[in-house]
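Novice: Predicted coordinates and the sequence they were generated for:
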Amino acid sequence: MIFSLSWMILIVTFAITFFISGPLPSWVRPTLIIALVLVVIIFYTGGFFYLRAEKKEDVLEIKYYNLFPVGRMFQAMQVPLKQFHHYEIKNSFGGWFKWLVIFQEMRGGVAKFPNVGLSAVSRSTLKELEELLKVSK
């Protein structure tokens, strides 16, 4: 929602600059273009994922996909509860972006799954996720 709203505001503002009669400062359009590019970069790399986690019998299943509308890939990870080692929630960029990291016990040690972004997850959903992961230990 945040991405869509900020994207729409910037695009509409940029389009309006073409319909304004009279002189327009030369810095307005380049500034809007830079802002558009920054919004795309932040939302593409910022960990904005849809996430669903649940326990099915003896397996922890986490399904997720990036909320960025271009290049969306649906992914899932399954960890047998017997092999679930631990999880971490890491913050980056001063706490603006959050990442979930799942660790699984393997024969040769501990394997780390790819990070899953939690930046778009609400606080209540994050608490539910943490409760599910704590119970899975």
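Specialist: Noted; the coordinates are in hand.
Novice: contacts and neighbour counts: CA atoms only from here.
Specialist: Noted.
Novice: from memory residue 100 sits against residue 86, does it?
Specialist: No: at 10.8 Å, residue 100 does not count as touching residue 86 under the criterion of CA atoms under 8 Å.
Novice: Look at those two and report which has more neighbours.
Specialist: The residue with more neighbours, out of residue 100 and residue 86, is residue 100; 19 against 16, by other CA atoms under 10 Å.
Novice: ok but the more buried one is inside a helix, no?
Specialist: No: counting by DSSP: H, G, I helix; E, B strand; the rest coil, residue 100 is not part of a helix but strand.
Novice: how far away is it from residue 9?
Specialist: In this view, residue 100 and residue 9 are 31 Å apart by CA to CA, to the nearest Å.
Novice: and what of residue 35?
Specialist: From residue 35 to residue 9 the distance is 11 Å (CA to CA).
Novice: where does this structure dip in pLDDT?
Specialist: Within the chain, the stretches with pLDDT under 70 are 1-3, 136-137.
Novice: switch to 80 and redo it
Specialist: The chain contains residues with pLDDT under 80 at 1-4, 7, 43-45, 68-71, 94-95, 135-137.
Novice: which residues in it form strands?
Specialist: Ranges of strands in the chain, per DSSP state E, are 49-56, 59-66, 74-80, 84-92, 97-106, 109-112, 116-117.
Novice: Out of those, flag the one nearest residue 31.
Specialist: strand 97-106 (24.6 Å; CA to CA).
Novice: Residues contacting that closest one from elsewhere in the structure, which ones?
Specialist: The contact list for strand 97-106, computed with CA atoms under 8 Å, 6 or more residues apart in numbering, reads 46-47, 79, 83-92, 110-119.
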